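# heads up, no residue letters with this:
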């Protein structure tokens, strides 16, 4: 089946992108940084993880792959840095 890709830029979701990263990765980040208190872990998580994928923690660029039936069959969030 044939597919095509499209890039969608500057999708703003003030809390959503940060919450997505937090839900998926923050627990693992804290496990890998056991000496950090919660505030320091949160700050470093933003700097090292969130800001690389989401501008200001709230804007994302995504690439989606669509098949001939216009179903999304793949994609990714594009790094800002």
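Noted; the coordinates are in hand. If you're wondering where the values come from, they're calculated on a predicted model, not measured in any experiment.
# bridged to residue 62, which residues?
Per DSSP bridges, the residues bridged to residue 62 are residue 8, residue 77.
# show me which residues of stretch 63-79 are buried.
For stretch 63-79, the buried set under the neighbour-count rule, 16 or more other Cβ atoms under 10 Å, comprises residue 66. For every residue, glycine as well, the C-beta is placed using N, CA and C.
# nope, stretch 36-43 is what I was after
With burial defined by 16+ other Cβ under 10 Å, the residues of stretch 36-43 counted as buried are 41, 42.
# model confidence over that stretch, on average?
Across stretch 36-43, the average pLDDT comes to 93.
# which one is residue 53 nearest to, not counting chain neighbours?
residue 77 (5.4 Å; Cβ to Cβ, 6 or more residues apart in numbering).
# ok, which stretches of the chain are strands?
Taking DSSP state E to define them, one finds strands in the chain at 3-12, 59-67, 72-78.
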